[in-house]
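[1] Coordinates for the following, if possible.
(chains A and B)
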Amino acid sequence: MADVSQLLSDWGKAVASMDVTKGTEGLLKVLAGLKVPGVNMDALVAMQRDNLEALSASNRAALEGMKAIGEWQVKILHATLQQLNTAIEGLSRSGSPQELIAAETELARKAFETAVGEMRGLAEIVIRANQQATDAIVKRIPESLEEIKDVLKIP
Amino acid sequence: MLARQIIRRCLSLLPVLWMLAYAGAAGSAPALEQVAAGVNIDPDQISVSGISSGGFMAHQFHVAHSDHIMGAGIVAGGPYYCAHGTILDAVTRCSQFVMLECSALGLDARWCGNSDLTPGNKTEIEHVARTSFAEAKKQEVEGTISKLANLRNGKVYLFSGAHDHIVPLGVMDALFHFYADTDKGGVAAENMAYRRTFPARHTMVRDSFDKPAGDVVGPCPLPPADPPANDKDAYIDDCEAVAKASALKNHCLCQPAAASAAGAPCPPRGKEAICRDLADVDLAGAILKRIYGVQALKDARVPVAESEVLAFDQRQVFGKFSDTPYNALQNASMAREGYVFIPKACKDGRTCKLHVAFHGCRQGGTTDGRIGHSGNLFAKFAGYNEWAQANQIIVLYPQIQARGGASPLTPPLNPRGCWDWWGQNYTHTAYHTQHGSQIKAVAQMINILAGGKNLLEIPAE
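    Now for the predicted structure:
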């Protein structure tokens, strides 16, 4: 097996230098670490990741395969980024303390809408997948609702 | 605050959702500090053990923190940095996991059936041990692990099932050399045990004591009987009947030579190893006795209720060293909840020992929820708690959660829920050092159990 062994070793070394998940992890860390008043970004990003995990663990045929999941991921990342832009713009615009409170309130409201919206999307997919949905995805619904408390820093 | 009022108003519009939230989710588990309030551990009596990927982790945790870890039990694991930071080496050279995944990976069945790249002969085994220790030396020089000289005082127990085709014997032999060779770990022979003849597959061996009802604990099937299907297998087996049958077959159940009329040696010549190994069917007990000494485990085990294994929030552990603990936990592929068993006597401030037990792939997080046995099976049924209850040992069960890795957008790639012993596309290059995210998290748990002391070194992010 020496030849195959050497071949594998060389190939192993080549692919070892590729750690394709590291870049995404870095991006997610940046997103999670952003300071958005009233919103725990760490919890929000984590919640979306768990939703994606549940989706990928569920019946892929019901979601038209990997393509649908991929599109969902991009959509959610896009939405999160957009929300972020709004947040940053909102903060830079606010001058007086009153305006800051107003901006905070608006951000919290939007964050909440986003969170609920994502879950509505998730629920629709569950309905579509119906009996084909695995336990993993069904379990996520109550979990997601519980997570809103973390996301919105509600005592 | 105004913001909070508005949020509350929004929420009041969704009473149904909230009812669901409260009915469906019990809420987060308490922090480890809360669960373990009042415990007092002996900092000189902290040890680790584990099976399979947990065996690899137990060993690399021992190497990374040998200044505070006084013993290690490794079941079906392998030597430090065996995988050289690549998933390919992990599943082909250090284990035969690739065989389990052959069809899933789309590999040619003929190749899968005939290829064994794990170390087979003496030269290959010694080579693996040597390169493994060389990496440890390198990390020691870089200051990312404890001084390797600490290993010399360690207590080590190694176990490889004779029918384990997933982590073959050669890999465990290399681990033995890592610890035993005088130019490597240099552990004294009297402080080491290596069991390599016990008739078992790749599984956590145990006996019938306090065995749960039902089929959660398997019957220890051996070839030619088929192994259970992956999703039905808890990788915990009651091998008591198998051990008894083997002891009978090998004439282990004999009278000591002095008492026997014929003066025949007992065990029979050539059967010393198998007869000795069969006695370790209570594997968790054998591990703890090797690590802490028979005297420290002198009190007979007692039954332990499943409910005595308590959950704690692993996210809060990450919160001690990360600004984004939820995501840090996910990046480390760790479950929201870990488990800990605290003997009754350890709740009143008495000094107790601490043992960390690492589960194997497919054994952690919520992956093994079965009817009648919700939650983690390894933490409840691996056989540690019964000894721990009687002899004042706290047992910590940190937990991995499988993460599907649907795409590079959802790191890490850990679909089988293994502890990280290869790094690539998982917790990355520092996985086998004090900087590894899983090693950091477990070290933090130990520090919490040590009353918040900075016992184990936890490098900054």
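[2] now the chain, which segments are flagged as low pLDDT?
    Just so you know, I chose chain A. A:1-18, A:55-142, A:144-146, A:148-149, A:152-155 (pLDDT under 70).
[3] To clarify, I was referring to chain B.
    Those would be B:1-27, B:103-115, B:257-262, B:366-375, B:405-409, if you go by pLDDT under 70 across chain B.
[4] who are the neighbours in contact with B:V302?
    By C-beta atoms under 8 Å, 6 or more residues apart in numbering or on different chains, the residues touching B:V302 are B:386, B:389-390. Every residue, glycine included, has its C-beta placed from N, CA and C.
[5] May I see the buried residues of the lengthiest helix in chain B?
    Counting residues, the longest helix found in chain B (DSSP state H) is helix B:122-142. By neighbour count on 16 or more other C-beta atoms under 10 Å in any protein chain shown, the buried set for helix B:122-142 is B:124-125, B:128-130, B:132-133, B:135-136, B:139-140.
[6] do the same with stretch B:66-79
    B:66, B:68-79.
[7] mind saving the C-alpha coords of the longest helix of chain B as CSV?
    Written as CSV, here are the backbone C-alpha positions of helix B:122-142 (Å, rounded to 0.1, in the frame of the first residue of the first chain):
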residue,chain,number,x,y,z
LYS,B,122,6.4,-2.8,14.7
THR,B,123,8.2,-0.3,12.5
GLU,B,124,5.0,1.6,11.5
ILE,B,125,3.7,1.7,15.1
GLU,B,126,7.0,3.0,16.4
HIS,B,127,7.1,5.6,13.6
VAL,B,128,3.6,6.8,14.5
ALA,B,129,4.6,7.1,18.2
ARG,B,130,7.8,8.9,17.4
THR,B,131,6.1,11.5,15.1
SER,B,132,3.4,12.0,17.6
PHE,B,133,5.8,12.7,20.5
ALA,B,134,7.8,15.0,18.2
GLU,B,135,4.7,17.1,17.7
ALA,B,136,4.2,17.2,21.4
LYS,B,137,7.8,18.3,21.9
LYS,B,138,7.3,21.1,19.3
GLN,B,139,4.2,22.3,21.1
GLU,B,140,6.0,22.2,24.4
VAL,B,141,8.8,24.4,23.0
GLU,B,142,6.1,26.8,21.8
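[8] And for that helix, what's in contact with it?
    Contacts for helix B:122-142 (C-beta under 8 Å, 6+ apart): B:63, B:79-82, B:119, B:145-148, B:170-171, B:173-175, B:177-178, B:181, B:183-185, B:432-433.
[9] before we move on, the earlier item: select only the buried ones of the contacts of B:V302 in ChimeraX?
    In ChimeraX, a selection of the buried entries from these looks like this (16+ other C-beta under 10 Å):
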select /B:386,389,390
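[10] ok, B:R301 - contacts?
    With C-beta under 8 Å, 6+ apart, B:R301 has these contacts: B:209-210, B:285, B:386-387, B:389-390.
[11] And chain A, is stretch B:439-449 touching that?
    No - residues of stretch B:439-449 are not located near chain A by C-beta under 8 Å from any C-beta of the partner chain, the shortest gap being 15.2 Å.
[12] quick one: that stretch to chain centroid distance?
    Taking C-alpha atoms, centre = their mean, to the nearest Å, one finds the center of stretch B:439-449 at 15 Å from the center of the full chain.
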